[in-house]
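Chemist: I'll drop the sequence and a predicted model, then ask my questions.
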Amino acid sequence: MAKDKTTFKLEGLRELQQSLRELPKEVGKNILWNAAMRGSEVVRKEIENQIQAKGLVKSGKLLKSPIKRREKTDDPMIASYRIGQDEDIFWDYFQELGTVKMKATPFMLPALEASRSDAMNEIVETLSRRIKTAVKRIAKLRKRAFF
């Protein structure tokens, strides 16, 4: 079964992007990954909320199955997490899309739509907070190095 992919792309945050590029490469990369992880966690929690709200909890496996997995990227300024269902629980596709004999009860797409702005806000807030902290630490270290 083909795996569909939906991506968030943050653009227009020139100040944050510039600040990330000015930081040491590893520091910037860690901040970026942390922000992406926190944003993906918002979406994952909303998936769990949708499962519960739609009464899809029978054995509890579907509720425990939303996963987020870090994906490798070639560009150090791109952080990517895959959010989906555990591959052992194949019936989530039937719930989401329906079958010939069962109507669809989508929970993944509604969760994505419901949490999109919250996830984006979490990413931007995390980037902003962590960049400010990193800049202060680096300034403090540079100050110590000169004395």
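Modeler: It's in. Quick caveat: nothing in here was measured; it's all calculated off a predicted structure.

Chemist: from here on, just use CA atoms for contacts and neighbour counts.
Modeler: Noted.

Chemist: any idea how far residue 47 lies from residue 73?
Modeler: When distance is defined by C-alpha to C-alpha, to the nearest Å, residue 47 is 25 Å away from residue 73.

Chemist: neighbour count: the two, which is higher?
Modeler: More neighbours sit around residue 47 than around the other of residue 47 and residue 73, counting by other C-alpha atoms under 10 Å; the figures are 27 against 10.

Chemist: give the contact list for the residue nearest to that one when sequence neighbours are not counted.
Modeler: Using C-alpha to C-alpha, 6 or more residues apart in numbering and skipping the chain neighbours, the partner closest in space to residue 47 is residue 111 (5.1 Å). Applying C-alpha atoms under 8 Å, 6 or more residues apart in numbering to residue 111 gives the contacts 43, 46, 47, 49, 50.

Chemist: what about residue 111, which helix or strand?
Modeler: Under the criterion of DSSP states H and E, residue 111 resides in helix 108-146.

Chemist: so where's this protein shaky on pLDDT?
Modeler: Confidence mapping of the chain against pLDDT under 70 gives the ranges 1-13, 59, 146-147.

Chemist: now the strands for it?
Modeler: Counting by DSSP state E, the chain forms strands over residues 66-71, 80-85, given from the N-terminal end onward.

Chemist: the last one packs against which elements?
Modeler: In other words, strand 80-85. With contacts defined as 3 or more C-alpha pairs under 8 Å, 6 or more residues apart in numbering; DSSP states H and E, the secondary structure elements packing on strand 80-85 are helix 25-53, strand 66-71.

Chemist: which single one of the contacts of residue 111 is nearest to residue 22?
Modeler: Checking the contacts of residue 111 against residue 22 with C-alpha to C-alpha, the nearest one is residue 43 at 29.4 Å.
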